[in-house]
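Student: Output the structure for:
(chains A and B)
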Amino acid sequence: MEIFILYKAILVLVVFAISLGVAAYSTYGERKVAAFMQDRVGPDRAGPFGMLQPLADGLKMFMKEEIIPTVSNKFLFVLGPSLAMLTALMTGVVIPWGGDITIGNMVFPLQITDINIGILYIFGVVSFGVYGIMIGGWASNNKYSMLGALRASSQMISYEIAMGLAIVALVMTTGTLSLREIVTQQSGNWVNFIYQPLGCLIFIICAFAETNRAPFDLPECETELVGGYHTEYSSMKLGFYLFAEYINMFISSAIIMSLYFGGYNLPFQNYIAPYIDGNILSILQFGCFFTKVLFGIFFFMWIRWTIPRFRYDQLMNLGWKVLIPLAIFNILITGVLMYALGKV
Amino acid sequence: MMQLTNRKRVVVKKEMSLAEKLYLPAITDGMVITLKHLFKKPTTVKYPEVKRELSATFRGQHVLKRDEQGAERCTACGLCAVACPAEAITMEAAERKKGEEHLYREEKYATIYEINMLRCIFCGLCEEACPKEAIFLTDRIVPVDVNRKDMVYGKDKLVEDIQNRVDVSKRQTAAVLEFKKDKKHFHNQTWDDIQKQIKPKKHH
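Tutor: Residues are numbered from 1 along each chain as shown, chains lettered A, B, ... in the order given. Below is the predicted model of the structure:
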């Protein structure tokens, strides 16, 4: 029992560290990707290839003067970024990072907890995440922050519906809400993307909106709203908001990969698995999953530096008039096909 | 109205087709473009290590030239100051004393010669106006400074070092080089040559 608790504690710390590390290097990656796509070089002064840039940025964030506006609600002002960070880190709990590792007769799964309502849990936590932005924007007592917060809440609520409907169709085909089971079903089988291409597309689009990434970065919208909901924030509280966005990107990329692109399963895993040790396979799986997730993050950045921001009315039109009907249509098609193929 | 070019397009607000409404084909096109750029060579010049090649006619920081003997060529005639459209040049003249022949080429020289680098627009009109080939713009870039006072360059910064001459031949046009070869012009000769030519005045 003690070993179990110790193992879980270590795993939690490792996932926490990986999330922060990936988020920190995403900022570097983003600047590099942006630079290369614009035929520039990007940060290359701090360390070899500018690899120490995130450390310098972090140090800068900590050293900056911390300003709390006198007209703001101080408690809520501090609560906002804390909530954003908390919810961003909480979602990593249910993601399966790889197969089991067996030492002696003890089995250590590379997943913090496998709750049988994993997807539901993620939805709960993610919808909680909008509070961080809403509270922060409202507590700042600033019009721009307020507008950013309003946009964030309306956008997140609208896109969560389509996201949920896309998931419903996936749950219909998989028959489970546990992320681990969804991933294991995809081993040696077609990945879910083949069964749910439309659902996958809707899910990815909604994931962009949920993480406030371009082209749906209206809550921040530096060209219209100064900094959006974090206009009044400075120092590490601003850093928390920015960090939370990158952690969200990492986690949503992991979820997309788990749900639709085979999760930690290696390509042609069934042919390889009999020849290698289970523990090595698990480590390979972790590596494979991590590569997939990093590609997902690259995809997020690729989109950001390709297309411009949506206008507010376009955003709402896309959410309510296109994505939701499409998601419902997707459920219908899935149901009809499953019935026709005798899967029900 | 008369049409000057054939680039005119009439803008029509048409309904978007289904493909356009979906945005997806346009987005994929865009993504292909950005992906292509990802593998292109960056156009960045990494400045302190790599310097961009200056144009052959680049006009940078001024130099006040000395002649072959090391005497200052400037006679403080003020033509450069008059020509300067930005009024960046000021000077004060003085008469050369005996024994200063090795310092100043002609009887008059500039005790103070100042160019305000914040006013200067580097047009090169001073260079064109100068009858003594004393002032030239060079390919050196004026360094930045933190206060205005130090941006007014005096003779200490402008006159070239005797040991360390500034090469202005790159900046000189072919016409000027040709003009310099002609020794019959007064200002192309050294002080000793000039002395030989001057005939002693007759006393009445």
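Student: low-confidence ranges in the chain?
Tutor: No chain specified, so I'll use chain A. The model of chain A has pLDDT under 70 over residues A:188-189, A:221, A:344.
Student: Not quite, go with chain B.
Tutor: In chain B, residues with pLDDT under 70: B:1, B:170-195, B:197-204.
Student: Can you give the contact residues for the helix ranked longest in it?
Tutor: Taking DSSP state H as the criterion, chain B has its longest helix at helix B:24-38. Here helix B:24-38 makes contact (CB atoms under 8 Å, 6 or more residues apart in numbering or on different chains) with A:Val33, A:Phe36, A:Met37, A:Gln38, A:Asp39, A:Trp302, A:Ile303, A:Trp305, A:Thr306, A:Ile307, B:Ala19, B:Glu20. In short, each C-beta sits where N, CA and C put it, glycine included.
Student: Keep only those of these that are in helices.
Tutor: A:Val33, A:Phe36, A:Met37, A:Trp302, A:Ile303, B:Ala19, B:Glu20.
Student: Which residue is the nearest non-sequential neighbour of the second one?
Tutor: Closest residue to A:Phe36 in three dimensions, ignoring its sequence neighbours and counting by CB to CB, 6 or more residues apart in numbering or on different chains: B:Leu38, at 5.0 Å.
Student: distance of the one you found from A:Gly58?
Tutor: Applying CB to CB, to the nearest Å, the value for B:Leu38 to A:Gly58 is 27 Å.
Student: just to revisit the earlier point, same list (the ones in helices among the contacts of helix B:24-38) but as a markdown table, adding neighbour count.
Tutor: Formatted as a markdown table, these follow (neighbours: other CB atoms under 10 Å in any protein chain shown):
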| residue | neighbour count |
| --- | --- |
| A:Val33 | 21 |
| A:Phe36 | 18 |
| A:Met37 | 21 |
| A:Trp302 | 18 |
| A:Ile303 | 19 |
| B:Ala19 | 10 |
| B:Glu20 | 12 |
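Student: OK, contacts around the residue nearest the centre of chain B?
Tutor: The C-alpha lying nearest the average C-alpha coordinate of chain B belongs to B:Arg59 (CA atoms, centre = their mean; 2.3 Å). B:Arg59 is in contact with B:Phe122, B:Cys123, B:Gly124, B:Leu137, B:Arg171, counting by CB under 8 Å, 6+ apart.
Student: does the residue positioned nearest the centre of chain A sit in a helix, a strand or a coil?
Tutor: A centroid search over chain A (CA atoms, centre = their mean) returns A:Ser252, at 2.2 Å, as the residue closest to the centre. What DSSP: H, G, I helix; E, B strand; the rest coil gives for A:Ser252 is helix.
Student: doesn't A:Asn212 make contact with it?
Tutor: No. Contact criterion CB atoms under 8 Å: A:Ser252 and A:Asn212 do not qualify, at 11.0 Å.
Student: picking that back up, which single one of the ones in helices among the contacts of helix B:24-38 is nearest to A:Pro267?
Tutor: A:Trp302 (21.8 Å; CB to CB).
Student: which of the residues in the longest helix of chain B are buried?
Tutor: Using 16 or more other CB atoms under 10 Å in any protein chain shown as the test for burial, helix B:24-38 gives B:Gly30, B:Met31, B:Thr34, B:His37, B:Leu38.
Student: A:Glu66: what's it in contact with?
Tutor: By CB under 8 Å, 6+ apart, the neighbours of A:Glu66 are A:Ser234, A:Ser235, A:Met236, A:Lys237.
Student: Roughly how far does the third one sit from A:Ile68?
Tutor: So that's A:Met236. For A:Met236 relative to A:Ile68 (CB to CB), the value is 13 Å.
Student: With the second one instead?
Tutor: Remark: distance between A:Ser235 and A:Ile68 (CB to CB) = 10 Å.
Student: Could you do the last one as well?
Tutor: Distance from A:Lys237 to A:Ile68, counting by CB to CB: 9 Å.
Student: which residues are in contact with both of the two?
Tutor: With CB under 8 Å, 6+ apart as the test, A:Lys237 and A:Ile68 both reach A:Phe77, A:Val78.
Student: Name the residue in the two with the higher neighbour count.
Tutor: The neighbour comparison of A:Lys237 against A:Ile68 (other CB atoms under 10 Å in any protein chain shown) goes to A:Lys237, with 23 against 17.
Student: thinking again about what came up before, of the contacts of B:Arg59, closest to chain A?
Tutor: Of all the contacts of B:Arg59, the one with the least separation from chain A (CB to the nearest CB) is B:Phe122, at 28.4 Å.
Student: now B:Thr90, which residues is it bridged with?
Tutor: B:Thr90 has these beta-bridge partners by DSSP bridges: B:Glu114.
Student: Where do the strands of chain B begin and end?
Tutor: Taking DSSP state E as the test, the strands found in chain B are B:62-64, B:89-95, B:108-116, B:135-137, B:152-153.
Student: how about those strands in JSON lines, adding mean neighbour count?
Tutor: As requested, the strands of chain B are exported to JSON lines (neighbours: other CB under 10 Å):
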{"stretch": "strand B:62-64", "mean neighbour count": "23"}
{"stretch": "strand B:89-95", "mean neighbour count": "15"}
{"stretch": "strand B:108-116", "mean neighbour count": "19"}
{"stretch": "strand B:135-137", "mean neighbour count": "23"}
{"stretch": "strand B:152-153", "mean neighbour count": "16"}
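Student: wait, which of those strands is closest to A:Arg45?
Tutor: So among these, strand B:152-153 is nearest, using CB to CB, at 31.5 Å.
Student: separation between the residue nearest to A:Gly58 when sequence neighbours are not counted and chain B?
Tutor: With CB to CB, 6+ apart as the criterion, A:Gly58 has its nearest non-adjacent residue at 6.8 Å, and that residue is A:Ala24. From A:Ala24 across to chain B, the span is 22 Å (CB to the nearest CB, to the nearest Å).
Student: Helix, strand or coil: sort out A:Ala24 for me.
Tutor: Relying on three-state DSSP, one would call A:Ala24 helix.
Student: do you know how far it is from A:Leu86?
Tutor: To A:Leu86, A:Ala24 is 18 Å away according to CB to CB.
Student: and what of B:Ala81?
Tutor: For B:Ala81, the distance to A:Leu86 - CB to CB - is 70 Å.
Student: Repeat that for A:Ile182.
Tutor: For A:Ile182 relative to A:Leu86 (CB to CB), the value is 26 Å.
Student: In terms of neighbours, single out the busier of these two.
Tutor: A:Ile182 (24 against 17).
Student: Sticking with the more buried one, tell me its helix or strand.
Tutor: A:Ile182 belongs to helix A:179-185 when assigned by DSSP states H and E.
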